[in-house]
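Q: Next come a sequence and a model predicted from it.
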Amino acid sequence: MSLKIVPPSLDYEASYSAASYEHIELNDDIMWNPEISSTSFADYVAFLLRYETNPPAGHVPGTFYWLIVDDDTYAGEMNIRHYLNDSLKRLGGHIGYKVRPSQRRKGYGKMLCAHGIQAVRKLGVTDILITCNDDNIGSQKIIEANGGILKDKVDNNRGVLTRRYWIYG
């Protein structure tokens, strides 16, 4: 099995689309929906690549990475936020990651989180915030396995608290 972390790419459209349907079946949040999206996959990938230097209004610069296994299977992704605005300080943190449902429980989340920590450190950030929903046991374990220390839980107005973890440098 081969693993690689790459920037978003048109090369993985079929696999990314299939993963989107897996997330839809579980009512997971997704960014690009092949059924109802008003943008093409090519436009979506271009949007992700521009995020680093030209984020949408109210967002901070971020770098997206995709985890590819077995040469062409999209298995997950992460978003590295270069710094935090007030909203991210409360609920989002420096690193967001997601693993495709059919690829879960293989250690990919832990690996994505670890890679994200390294990438944020390269940006000069010493203390890293990572958040997850209070009912997301898998993410709690991933963050804690990567050195996350629970600071607090905050209300996110979505019916479940958000856990805020810090990884100190």
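A: Done, it's in.
Q: and Ser20, helix, strand or coil?
A: What DSSP: H, G, I helix; E, B strand; the rest coil gives for Ser20 is helix.
Q: What about it, how many residues nearby?
A: For Ser20, the number of neighbouring residues by other Cβ atoms under 10 Å comes to 21. Where you see a C-beta, it was placed from the backbone N, CA and C, and this is true even at glycine.
Q: Which pLDDT does the model give it?
A: Predicted confidence (pLDDT) at Ser20: the value is 91.
Q: Next: Asn27.
A: 83.
Q: For Ala46, see how far away it is.
A: Applying Cβ to Cβ, to the nearest Å, the value for Asn27 to Ala46 is 27 Å.
Q: what does Val125 give?
A: Val125 is 27 Å from Ala46, by Cβ to Cβ.
Q: of the two, who's got more company?
A: Applying other Cβ under 10 Å to Val125 and Ala46 shows that Val125 carries more neighbours, namely 19 against 14.
Q: and the more buried one, what does it touch?
A: By Cβ atoms under 8 Å, 6 or more residues apart in numbering, Val125 lies in contact with 83, 94, 169.
Q: Isn't the last one up against Lys122?
A: Spelled out, it's Gly169. No: counting by Cβ atoms under 8 Å, Gly169 stays clear of Lys122, with 11.8 Å between them.
Q: just how off-centre is the helix or strand hosting Ile80 within its chain?
A: If you go by DSSP states H and E, Ile80 is part of strand 73-81. Centroid separation between strand 73-81 and its chain, computed with Cα atoms, centre = their mean, to the nearest Å, is 6 Å.
Q: i'd like the first residue to be 32 from this point on
A: Happy to do that; since the first residue is 32 now, the last one works out to strand 104-112.
Q: Using CSV, write out every CA atom in that strand.
A: The C-alpha trace of strand 104-112 is given here as CSV (Å, rounded to 0.1, in the frame of the first residue of the first chain):
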residue,chain,number,x,y,z
THR,A,104,-7.8,6.6,-4.0
TYR,A,105,-8.8,9.7,-2.1
ALA,A,106,-8.8,8.7,1.6
GLY,A,107,-9.0,12.0,3.4
GLU,A,108,-8.0,15.6,3.7
MET,A,109,-6.7,18.4,5.9
ASN,A,110,-6.8,22.1,6.0
ILE,A,111,-3.9,24.0,7.7
ARG,A,112,-5.0,27.5,8.8
